[in-house]
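1. Attaching a predicted model along with its sequence, questions to come.
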Amino acid sequence: MITIVRTGGFAGIRRHWQVQLDSAKDVATWRPIIEACPWDEEPSAMPEADRFVYQISTVLPDEKRSATVPEQHLTGAWRELLDRVRDAEHPGKGHEAD
């Protein structure tokens with residue numbers, strides 16, 4: 001399972017996205033992007049005022065990972081993971097309003 005919870009922002013509206021990994025094929029499809037994320041890196045700066053913070057967690061058969069990522073650090077593999085989870089939960093929906 002992959003879970004992403006976004007909190008903070010100016011209005012403080014909480015958003016939640018989740019993908020259930022039901023088969024070995026699902027895990028194999030998602031594992032490369034999960035492993036590409038810098039799970040062990042500490043953000044170089046604290047979250048900025050009125051910006052989002054993302055709680056990202058993954059549960060695979062052989063491991064669990066979690067990270068807190070301030071919006072300004074949601075780049076590269078983190079951004080790709082977020083976009084793919086949102087696409088999987090709401091196929092065809094754009095991200096601009098999220």
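-> Cool, got the structure. Just so you know, these numbers come straight off a predicted model, no measurement behind them. Numbering: from 1, shown residues only.

2. Quick one: the helices in this protein, in order.
-> 24-36, 76-89 (DSSP state H).

3. between the ones you listed, which one is nearest to I2?
-> Of all the helices of the chain, it is helix 76-89 that lies closest to I2, at 5.5 Å by Cβ to Cβ. The C-beta positions use only the backbone N, C-alpha and C, and glycine is treated the same way.

4. same for the closest one, what does it pack against?
-> Here helix 76-89 is seen to pack against strand 2-8, strand 15-19, helix 24-36, strand 52-60 when contacts are counted using 3 or more Cβ pairs under 8 Å, 6 or more residues apart in numbering; DSSP states H and E.

5. Include mean pLDDT, mean neighbour count and distance to E63 when you put the helices of the chain into CSV, please.
-> As requested, those are exported to CSV (pLDDT from 0 to 100; neighbours: other Cβ atoms under 10 Å; distance: least, Cβ to Cβ, whole Å):
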stretch, mean pLDDT, mean neighbour count, distance to E63
helix 24-36, 92, 14, 9
helix 76-89, 93, 16, 15
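
6. rewinding a little: CSV for the helices and strands packed on helix 76-89, including distance to T68?
-> Listed next are the helices and strands packed on helix 76-89 as CSV, based on distance: least, Cβ to Cβ, whole Å:
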stretch, distance to T68
strand 2-8, 10
strand 15-19, 15
helix 24-36, 16
strand 52-60, 6
